[in-house]
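Visitor: A structural model of the following input is requested.
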Amino acid sequence: MVAVGQGARGEDGERIPLEVRTGDPVLFGKWSGSEVKIDGREFLITIEPDLFGIIEG
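Guide: Numbering: from 1, shown residues only. Got it, this is the predicted structure:
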């Protein structure tokens, strides 16, 4: 994970904490997110619910 946002807001307006952190290796599906190229580097932009999990080790 290169970067993460602030998370979604709940019905009460409070931020819902993210489980994923910058630097976490993650699993995602073949069709997850949107591919973008920035300064010649390829990135995938996605939302946390589309992640299959965080790889621990």
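Visitor: how about the residue of the chain positioned farthest from its centre, what does it touch?
Guide: Each residue of the chain has a distance to the centre, and by Cα atoms, centre = their mean the biggest one is for residue 12: 22.8 Å. Residues in contact with residue 12 (Cβ atoms under 8 Å, 6 or more residues apart in numbering): none are found. Just so you know, the C-beta spots here come from the backbone N, C-alpha and C atoms, and that holds for glycine as well.
Visitor: Relative to residue 48, how far out is it?
Guide: Noted for residue 12: a distance of 19 Å to residue 48, by Cβ to Cβ, to the nearest Å.
Visitor: my read: residue 17 touches residue 8, true?
Guide: No. With contacts defined as Cβ atoms under 8 Å, residue 17 does not count as touching residue 8, sitting 10.0 Å away.
Visitor: More neighbours: which of those two?
Guide: For residue 17 versus residue 8, the count of surrounding residues by other Cβ atoms under 10 Å is larger for residue 8: 12 against 8.
Visitor: ok, the residue farthest from the centre of the chain to residue 45 distance?
Guide: Using Cβ to Cβ, residue 12 is found at 27 Å from residue 45.
Visitor: Tell me the secondary structure of the residue farthest from the centre of the chain, please.
Guide: State at residue 12, reduced to three classes by DSSP: H, G, I helix; E, B strand; the rest coil: coil.
Visitor: What about the residue nearest to residue 15 when sequence neighbours are not counted, how many residues nearby?
Guide: The shortest distance from residue 15 to any residue other than its chain neighbours is 4.9 Å, reached at residue 7 (Cβ to Cβ, 6 or more residues apart in numbering). Neighbourhood size, residue 7 [other Cβ under 10 Å]: 14.
Visitor: same deal with residue 50?
Guide: The tally of other residues near residue 50 (other Cβ under 10 Å) stands at 13.
Visitor: swap in residue 51?
Guide: Neighbour count of residue 51, defined by other Cβ under 10 Å: 18.
Visitor: What's opposite it in the beta bridge?
Guide: Under DSSP bridges, the beta-bridge partners of residue 51 are residue 28.
Visitor: Please look at it and residue 28 and confirm they touch.
Guide: Yes. With contact defined as Cβ under 8 Å, residue 51 reaches residue 28; the gap is 5.4 Å.
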